[in-house]
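Visitor: please work out how this folds:
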Amino acid sequence: MKDTNEIIKKLADGEIDMMTAFALAYSINGCADIGVAQIDHSRNQRCGFPEFIYGAGKTPQQICAIIPEILKTGHPVLATRVSKEAAATIVREFPQAEYNQDAGTLIIRNCTIPKKKGKVAIVTAGTSDLAIAHEAAAVIELCGIKFEIINDVGVAGIHRIFAAADRLTSADAVIVIAGMEGALPSVVGGLVKCPVIAVPTSVGYGAALKGFSALMGMLNSCASGVTVVNIDNGFGAGCAAVRIINGLR
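Guide: Numbering: from 1, shown residues only. Predicted coordinates for the structure are as follows:
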């Protein structure tokens, strides 16, 4: 079958069932089966950001097999949660790759990325949360969106976030990253009118429970409309911010 309209017609005529229609549409719209993975080439068209690589649990050889298939599309490559040891192997194969050890991100910039309007502020409660901020920033940057990191402005020195108020209110979306008790997103949520994406981190002493205390605090935020992603999920926060910016008119 040549296009989606033909698939829809055959489905409407009863010539194929729904599952067959889905499978055919997926194959037409850009799925590449390379053995170790099925690369979703149509994700950028559907979701507004290309397929990125989750590096944890993958061998360096598997990541090296995926990278050329993504490069074929003309999209940049981003692999997250890549260990130092795995990165060394990948960089030998792809010398143009840039590795951020703190964030665990590996980037290959193989194209000029079209710039989008809009800006994201990425706010950290403390420098210990900075690695998660850089993971979010990698996603946002590779989607052509301007961002600014506002670091170490947690509630232990509440005046610091107030001093950054102009930078927050000029943003179209704010990602707020905090560990400990996770209070900072509530503060920011009461200062800005744009969407706020809260990221709990596993930073904190014993009762922080590796991020669960921050997660519960953010889910129970008294600032209405704050969105919360998973613990240490800078990548997910970055994707959420991209979706928000893509919706700007």
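
Visitor: what sits against the residue nearest to Val229 when sequence neighbours are not counted?
Guide: Closest residue in space to Val229, ignoring its immediate chain neighbours: Gly236 at 4.3 Å, by CB to CB, 6 or more residues apart in numbering. (Each C-beta comes from the backbone N, C-alpha and C, glycine too.) Residues near Gly236 by CB atoms under 8 Å, 6 or more residues apart in numbering: 199, 229-230.

Visitor: show the buried residues in those residues.
Guide: Among these, those classed as buried by 16 or more other CB atoms under 10 Å are 199, 229.

Visitor: what residues sit buried inside stretch 157-168?
Guide: Neighbour-count burial for stretch 157-168 [16+ other CB under 10 Å]: 161, 164, 168.

Visitor: how about stretch 9-22?
Guide: Buried residues in stretch 9-22 (16+ other CB under 10 Å): 10-11, 16, 21.

Visitor: any idea which helix or strand carries His134?
Guide: helix 130-142 (DSSP states H and E).

Visitor: over to Ala198?
Guide: strand 196-200.

Visitor: counting by contacts, list what that strand packs against.
Guide: Packed against strand 196-200 by the contact rule (3 or more CB pairs under 8 Å, 6 or more residues apart in numbering; DSSP states H and E) you find strand 173-178, helix 184-189, helix 212-219, strand 227-228, helix 234-246.

Visitor: ok, and what's touching stretch 239-247?
Guide: With CB under 8 Å, 6+ apart as the criterion, stretch 239-247 contacts 47-49, 116-118, 120, 136, 139-140, 143, 145, 172-173, 175, 195, 197, 227, 229.

Visitor: now those: which count as buried?
Guide: Looks like the contacts of stretch 239-247 have 48-49, 116, 118, 120, 136, 139-140, 143, 145, 172-173, 175, 195, 197, 227, 229 buried, using 16+ other CB under 10 Å.

Visitor: isn't Gly170 up against Lys119?
Guide: Quick fix: residue 170 reads Ser, not Gly. Yes - the criterion here is CB atoms under 8 Å, and Ser170 meets it with Lys119 at 7.0 Å.

Visitor: could you pull out the strands for the chain?
Guide: 31-33, 38-40, 53-54, 77-80, 98-100, 105-108, 119-124, 146-150, 173-178, 196-200, 227-228 (DSSP state E).

Visitor: Asn110 touches Leu78, doesn't it?
Guide: No - the criterion here is CB under 8 Å, and Asn110 misses it with Leu78 at 11.3 Å.

Visitor: comparing these two, which residue is more hemmed in?
Guide: A direct count of neighbours by other CB atoms under 10 Å for Asn110 and Leu78 places Leu78 higher, at 27 against 17.

Visitor: that's all I had, so thanks and see you.
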